[in-house]
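>>> Mind folding the following:
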Amino acid sequence: MNKYTFTAALMLLFVSVQSSAQPVMDDARASAAFEQYIKTTMPVWKTPGLSAIVIHNGNVVFRKGFGVIDAGGNEPFTTATLSACASTTKAMTAVCMGILVDEGKIKWSDKVSDVLPSFKLSDPYSTAEITVLDLFTHNTGLGNADFLWVMGYNREEIVQRMQWIPPAYSLRSSYIYQNLMYMVAGEVIKAVSGKTWDAFITERIFTPLGMKHTYADHSAIPAAETVAHPHYRHPETDSVMSIPYLYDDNIGAAGGVFSCADDMAKWLQCMSDSSKGNGVRLIKPATWEFLFAPKIVIQGEMYPTMSIIKPHWQTYGMGWFQHDYRGKMLNYHTGSLDGMTAIAGILQDQHTAVYIFGNLDHAELRHALMYKALDLFAFGDNTNDWSGKFYPLYKGREDTAKNREKATMAKRINGTTPSLALAAYDGTFTNKLLGQITVEEKNGKLRVVFPNKTDILLEHWHYDIFRGTFTNWWNDHAWVQFYLDKEGRISSISLDGDVFQK
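Have a look, this model is predicted:
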C-alpha cells in the first residue's frame, strides 16, 4: 500500500467512525430527554418538587419546574419559586470580594486580622497569617463548627467565638470543608465597603444582573413571593414531611441567599461569560479567571458520587469544587440547608451550565440531574443513567448507617437507673465555645434547652447516659452523659462529645 492508498484508507476509517458515532443532539431533543428523565427519577428519590435551568452557548435552553412546593399541597414548584441557594452562595461572596479587589480597596494577600481586628483563632500564628484568599479555600486549619448556627448566635458572635475552636490541622497543610471562614469573608466585605454583606451583594450583583427575585437572606423575602417548603423523610415512617425553615440571617455569606431558577439563569450566564451579564461586567476578566483557578488539591472523595464518576483529579477554586469530567474541567458546588438542596455546575469549555433547586434534604438526585444535563446538552449523550447508579450508592450508605445504629442500640445495658433523682440533674451548663444550655426536669422527663429554644428530650439509656431526641426531629438524636463530682452532685455533661461545665 503506497502513501496515497494508506491516506485514503485512513480517510475511509475516519468517515466510518464519524458515521457510527452518536450524532450531536440539538437543544430541543436534549430538553425533551432531560424533562423526561426528571419526571422519571423524581419519584425514585421521593422529591416533592424542583426547578432546573440549563445554559448552552450563552442561551437558556431549558427552564422548567416540577412537582409541588409542599408535599401536602398542590401548589406547583415553578422556575419563579424561591428556594435556598445555600452553599452555592459562596461563589457569589467570592465575586463580591473580587469587586473590592478590582477597586483597589483590598488585596487577596491582605491579612484578615489587619482588616478585621475582631478576627481571632486559637492559634496566634494562624490569626496573624491568614489572608483574604485563605478565607475561600477551606485550608485554614479550622474544622467544622456549624453547630454555632444551631445555638442561634448572630454573625458577629460566631466570629467572636471562633477563637475557642481548637485547630484541626496546621495552616494550609490540609483541607476540611467548613462554612465559618466564608462568614468571616462577609464581615471583611462589611469592614472594607462600609455596607453589610447583604446590602453589598444586593447592590453589586443582584441589581446589576436584574435578579429581582433574589434575596440575601430568608428574612428579606417579601410575603408576596412563593417559597418552597423544606422537607425531610421521617426516620421511622420514611414518609416525606414538610418542616419549618429555622435559620434567620446568621448564615450570611456562607449560604444565606434565596433565589429562583429564573434568576439563577442570569447568574450562571454571567459566570459562564467572564462575569458579563445584562449589559454589565461584574469583575475584570483576570479576576474572573482567578476565582476559577484551582487553589488546592483535594485528596479523597469530595462526595460519595465521586466513587462512580471516578475523576482523575479534584481541586477547589473560590466557591467552586472542580474535577475533570469527560476530559473537561467541571466547576460545581452543592448547597444544603435543613430540608432544601441546590447544585450549580459549569463546563466552561463546552459553554454549558446547569442549576437545580430541590425541596427534599438528602435527596442526591441533584447530582444525577447535573451530570445528566451536562451529558445531554454538552455532549449529546443520553446513555448514562446517573440516578440509577447514584441511588443504590446512597441507599447503601443509608442502610449502613441504620445497621450501625442498630448495633449501638443492641449494646444498651438493661436494668440500670440514673445515679440521682431526675430533679437533681437540673441546672445551667456552660461551654466556652458553644455557650450555655439548660437541663430541666418536667413531668418525669429531662430536657436540654438551647438558647434558640431548640430542645432535646432525654430518654434514660443506661447509668448516667441518656439518648436525646431533638424536638426538631429531623436533627436526629444526640447522646448526653452526666458526670458527678466527688460529693455526688452533677458537675458537667457531655453532649455528643462537647463538655459543658456546671
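
>>> who touches the helix or strand hosting Glu289?
Secondary structure from DSSP states H and E places Glu289 in helix 285-292. Applying Cβ atoms under 8 Å, 6 or more residues apart in numbering, the contact partners of helix 285-292 are 91, 94-95, 98, 101-102, 108, 274-275, 283, 317-320, 322, 331, 348. Every C-beta, even on glycine, is put in place using the N, C-alpha and C of the backbone.

>>> Equivalent analysis for stretch 103-120, please.
Contacts of stretch 103-120 (Cβ under 8 Å, 6+ apart): 97, 100-101, 127-135, 156, 159-160, 162-163, 184, 187-188, 191-193, 290.

>>> Can you list the buried residues in it?
Within stretch 103-120, the residues that qualify as buried are 106, 108, 110-113, 115-116, 119-120, counting by 16 or more other Cβ atoms under 10 Å.

>>> Between all of these, which two are separated the most?
Within the buried residues of stretch 103-120, Trp108 and Lys120 form the most distant pair, 20.9 Å apart (Cβ to Cβ).

>>> and the end-to-end length of stretch 151-171?
27 Å (Cα to Cα, to the nearest Å).

>>> Not counting the helix ranked longest in the chain itself, show me its contacts.
Counting by DSSP state H, the longest helix found in the chain is helix 386-410. Applying Cβ under 8 Å, 6+ apart, the contact partners of helix 386-410 are 37, 40-41, 44-45, 304-305, 307-308, 362, 364-365, 367-369, 371-372.

>>> now with 10 Å?
For helix 386-410, the external contacting residues (Cβ atoms under 10 Å, 6 or more residues apart in numbering) are 37-38, 40-42, 44-45, 233, 235, 303-305, 307-309, 362-375, 385, 461, 467, 476-477, 479.

>>> List the buried residues of that helix.
386-387, 390-391, 394.

>>> what is the mean pLDDT for it?
Average pLDDT, helix 386-410: 95.

>>> what residues are up against Ala478?
448, 456, 458, 466-470, 495-498.

>>> okay, now the residue nearest to Asn179 when sequence neighbours are not counted: neighbour count?
Ranked by Cβ to Cβ, 6 or more residues apart in numbering and with sequence neighbours excluded, the top spatial neighbour of Asn179 is Ala254, at 4.0 Å. Neighbourhood size, Ala254 [other Cβ atoms under 10 Å]: 25.

>>> wait, what's in contact with Ala254?
Contacts of Ala254 by Cβ under 10 Å, 6+ apart are 86-87, 89-90, 93, 146, 149, 155, 158, 178-186, 197.

>>> what's near enough to touch Thr430?
436-437, 492, 500-502.

>>> no no, Glu225
80-82, 213, 215, 258, 260.

>>> Return the member of those nearest to Ile296.
Nearest member of the contacts of Glu225 to Ile296, counting by Cβ to Cβ, is Phe258, at 29.0 Å.

>>> Enumerate the positions of stretch 41-59 that are buried.
Neighbour-count burial for stretch 41-59 [16+ other Cβ under 10 Å]: 41-42, 45, 47-56.

>>> what about it, how long is it end to end?
End-to-end for stretch 41-59, by Cα to Cα: 26 Å.

>>> Averaged pLDDT, that stretch. What do you get?
97.

>>> Please enumerate the helices of this protein.
3-20, 27-45, 89-102, 112-115, 124-129, 147-150, 155-161, 180-193, 197-201, 261-272, 285-292, 306-309, 365-379, 386-410.

>>> and the angle for the second one with helix 386-410?
Read it as helix 27-45. 20 degrees (axes from the mean of the first three to the mean of the last three Cα atoms, to 10 degrees).

>>> could you check the angle helix 365-379 makes with helix 27-45?
160 degrees.

>>> Quick one: list the elements packing against helix 27-45.
strand 49-56, strand 59-67, strand 352-358, helix 365-379, helix 386-410 (3 or more Cβ pairs under 10 Å, 6 or more residues apart in numbering; DSSP states H and E).

>>> where in the stretch 251-400 of the chain is pLDDT low?
Along the stretch 251-400 of the chain, no part satisfies pLDDT under 70.

>>> run the last query once more with 90
251, 299-302, 338, 362-363 (pLDDT under 90).

>>> The stretch 401-502 of the chain now?
Those would be 450-454, 472-473, 475-476, if you go by pLDDT under 90 across the stretch 401-502 of the chain.

>>> Give me the nearest residue to the residue positioned nearest the centre of the chain, chain neighbours excluded.
When Cα atoms, centre = their mean is applied to the chain, the residue found nearest the centroid is Gly335 (3.0 Å). Setting aside the residues directly before and after it, Gly335 is nearest to Ala86 in space (Cβ to Cβ, 6+ apart), at 2.9 Å.

>>> Count the neighbours of that neighbour for me.
25.

>>> how does the protein divide into domains?
48-401, 422-501 (automatic domain parsing).

>>> okay, these, which one's buried deepest?
Stretch with highest mean neighbour count among those: domain 48-401 (a mean of 19; mean count of other Cβ atoms under 10 Å).

>>> end-to-end on it?
Note: domain 48-401 ends 24 Å apart using Cα to Cα.

>>> next one: that domain to chain centre, how far?
6 Å (Cα atoms, centre = their mean, to the nearest Å).

>>> could you dump stretch 281-291 to PDB, C-alpha only?
Extracted in PDB, the C-alpha atoms of stretch 281-291 (Å, rounded to 0.1, in the frame of the first residue of the first chain):
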ATOM      1  CA  ARG A 281     -19.400  43.200  33.800                       C
ATOM      2  CA  LEU A 282     -19.100  42.400  37.500                       C
ATOM      3  CA  ILE A 283     -15.300  41.900  37.700                       C
ATOM      4  CA  LYS A 284     -12.300  42.100  35.500                       C
ATOM      5  CA  PRO A 285     -11.600  39.100  33.200                       C
ATOM      6  CA  ALA A 286      -8.400  38.400  35.000                       C
ATOM      7  CA  THR A 287     -10.200  38.400  38.400                       C
ATOM      8  CA  TRP A 288     -12.900  36.100  37.000                       C
ATOM      9  CA  GLU A 289     -10.200  33.700  35.800                       C
ATOM     10  CA  PHE A 290      -8.500  33.900  39.200                       C
ATOM     11  CA  LEU A 291     -11.700  32.800  41.000                       C
END
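
>>> give me phi/psi at Leu433?
Backbone torsions of Leu433, given as degrees, to the nearest 10, read phi -80, psi -50.

>>> quick one, what contacts His477?
235, 405, 408, 456, 459, 467-470, 496.

>>> let's see 7 Å
Contact partners of His477, counting by Cβ atoms under 7 Å, 6 or more residues apart in numbering, are 467-469.

>>> Would you format those as a markdown table with distance to Cys270 included?
What follows is these, written out as a markdown table (distance: Cβ to Cβ, whole Å):
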| residue | distance to Cys270 |
| --- | --- |
| Arg467 | 49 |
| Gly468 | 45 |
| Thr469 | 45 |
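
>>> Which of the residues you listed fall in strands?
Counting by DSSP state E, the part of those found in strands is 467-469.

>>> I'd like to know which of those residues is nearest to Ala28.
Thr469 (50.9 Å).

>>> what separates the nearest residue to the closest one once chain neighbours are set aside from Gly468, distance-wise?
Spatial nearest neighbour of Thr469, chain neighbours left out: Leu457 (5.2 Å); criterion: Cβ to Cβ, 6+ apart. Leu457 is 7 Å from Gly468, where distance means Cβ to Cβ, to the nearest Å.

>>> Which residue comes closest to Asp70 once chain neighbours are left out?
Nearest to Asp70 is His229, by Cβ to Cβ, 6+ apart, at 4.3 Å.

>>> What sits closest to Asp455 if chain neighbours are left out?
Counting by Cβ to Cβ, 6+ apart, the residue nearest Asp455 is Thr471, at 4.3 Å.
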